[in-house]
Each structure stands twice: as structure tokens, then as C-alpha cells.
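> got a structure for you, letters missing:
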């Protein structure tokens, strides 16, 4: 079994050396760190080139990518490139450029994976910290807004993503399944897509240990907590509803595309996902998602997603387009 790390970077010079140092300092060493740098212009590539020359620790396999399509597509593309190079029983740890792994992370995740049937995906809890690594929250899963196992129910997963990408570890065959997923640009984030694929097979497991530091800083695309004005919250709600709706329809189309492994009967997937209209009728899908949001949302803000979904689905109709 080979232990791979897949790290995507873009203008990460401030923090990437500390992240790679934390990976190299693991009590159970990884075999190789694959770094896919996407058009960095802040000195990240120079930092990486210097780190690659250092002796000791896991070697760096550097890949220079000329464009920066955003975190989701960057990881999708990197996973597709790496998938043919790994064995079914290998382990692939996903990593971001600005977080820090605690020393026992790899060992703890391998212990959790021992004996699991292939394929599988694991994720773990984190300690939320500020830019200087000072503690902000002792755990990510406070119940508001995220909790596990509540939010990995297949219906909840259509609405929210409790999985933090840099905590994911995949078996090689799970990586291959995700890499074959059609329409990657339709997914809000790569980790959300991993969660959907793995939970469809009932092969998504949570390790309730804080095994890394989840750094929050001004350049975060997503974060553990964001303070926004009411107007910004409404705008964000509509944008997220549009993305969730597009993703759900792409996921419905993938069910019949013949590229996904068989679903587990225990997954209890929503029946409407398999309906012929689920991949193309925006309004009907939005209504199903809105109902899920209203009956399963743990907070008022989460239930409000139902309203945003209906408004988003009606928008094209008001503009004269077909839903």
C-alpha cells in the first residue's frame, strides 16, 4: 500500500511551507506528496522548488498547471490525473495549502481504515484556528450548522456538505470512481462530490478526532464561520441555492450514466433522484430539495434554503426560459 498526498495550490506562498512541513513530520510517514500548482504568481512555485530539493521527509512530485480554474475543478482535474497512477488499495490524502496536520493524523486515519472493505472514504474533525493558529473552535461539528452523522444522510447531503476537503482520505478505487464522475463543473466543491459518491455506496465514515488545524484567514474561499451583512447573506443564499440545484440535477443524471458503482440498498437514496425528469426539470427538483430543507434543516437559516431554492427555480421562468 502506497500513501499518497494530493495537494492543490494557488498563490499559497504564505502558508504552504508550514503545511508541507506538517505532512513530512507525521509519525507515520507518507510515501509521496503530489503538488499541483495552478498558475501561482506569488512565489509559491519557488517555495515548492526549494522544498523539493530538501533531503528528508516525503518527496514532492511537482506539477505546474498553467491555469487556475478554482479549487473544485483544480482538485477534480488533479484527481483524474492521479487516479491511473494509484492502486485500488492505496491511500490518497487530500490536502489544502494553508492548513496544518497534527503529527498523528496519518496513523489515526490508517488505523480507522484498517479492515474496511474497498472502496472507502474517511474524513475527520478539526480544530478551527485563526491565521496565527490560535484556537477559535475546538471542533468543527458543533451542531450549528454541521453535525455528523446527521448531515451525511443522503437527503441532507443534497443540501449541505459537512465534509472538509483537507480531512478526506480515499482508497485508490474510490478516487477512481470520483475521477470518473461526469460534469465535474456542476459540483459546488470536490469534497461534496466525494461525499455523494461514497455515501451512495455507504462507504463514507467519520473519524471523530481533531487531526488537523483548519486555518481561517482573509483569503479563505470557504470558512468555518463567516460574518455577513443581511444583504450579503441573501445574495449568498441565492447563489448557493443555484449551485445546489445545478449539482443535484447533475447528480441525478449521473445515477443513470453507467459510470458510478452500484448504490447500496442501505443508502436509502431519495426515490425522485432516479426519475427521468430529475436531471432536467429544474422546478420539480427544486421543490423536492426545498421540502427536504424545510423538514430536515436544523436551523432557521438552513430551512431558509428551501425558499431560496424555489425562488431560484422560478427565476428562469420569469425571464421567459423554460424551467
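Thanks, I have the structure now. Note that the structure is a prediction, hence the values are computed from the model and not measured.

> Please count neighbours and contacts with C-alpha atoms only from this point.
Noted.

> show me what contacts residue 105?
Counting by Cα atoms under 8 Å, 6 or more residues apart in numbering, residue 105 touches 26, 211, 212.

> Test my guess that the first one contacts residue 108.
No - with contacts defined as Cα atoms under 8 Å, residue 26 does not count as touching residue 108, sitting 10.6 Å away.

> circling back to that earlier point, quick check: of the contacts of residue 105, which lies closest to residue 131?
If you rank these by distance to residue 131 using Cα to Cα, residue 212 comes first, at 14.0 Å.

> helix, strand or coil for the closest one?
strand (DSSP: H, G, I helix; E, B strand; the rest coil).

> Now it: closest residue in space, sequence neighbours ignored.
Leaving out its chain neighbours, the residue that sits closest to residue 212 by Cα to Cα, 6 or more residues apart in numbering is residue 101, at 4.3 Å.

> Check the spacing between the spatially most central residue of the chain and residue 129 real quick.
For the chain, the residue nearest the mean C-alpha position is residue 191 (1.5 Å; Cα atoms, centre = their mean). Shown here: residue 191 relative to residue 129, a distance of 21 Å by Cα to Cα, to the nearest Å.

> Let me see the contact set for the residue lying closest to residue 246 once chain neighbours are set aside.
Using Cα to Cα, 6+ apart and skipping the chain neighbours, the partner closest in space to residue 246 is residue 186 (6.1 Å). For residue 186, the contact set (Cα under 8 Å, 6+ apart) comprises 243, 246, 247, 250.

> So which of those are in helices?
243, 246, 247, 250 (DSSP state H).

> Residue ranges in the stretch 1-150 of the chain under the pLDDT threshold?
By pLDDT under 70, the stretch 1-150 of the chain has no low-scoring segment.

> Would you mind checking the contacts of residue 105 for buried ones?
Listed as buried from these are 26, 211, 212; burial here means 16 or more other Cα atoms under 10 Å.

> which one among those gets closest to residue 117?
Closest to residue 117, out of all of the buried ones among the contacts of residue 105 and judged by Cα to Cα, is residue 211, at 23.0 Å.

> Just send the buried ones among the contacts of residue 105 back as CSV, with distance to residue 123 too.
Formatted as CSV, these follow (distance: Cα to Cα, whole Å):
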residue, distance to residue 123
26, 17
211, 10
212, 11
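
> My read is that the residue nearest to the centre of the chain contacts residue 164, right?
Yes - using Cα under 8 Å, residue 191 is in contact with residue 164, at 6.8 Å.

> Any chance you could list what contacts stretch 52-72?
8, 10, 24-25, 29-39, 48, 51, 74, 185, 187-191.

> So residue 244 sits against residue 188, correct?
Yes - using Cα under 8 Å, residue 244 makes contact with residue 188 at a distance of 7.0 Å.
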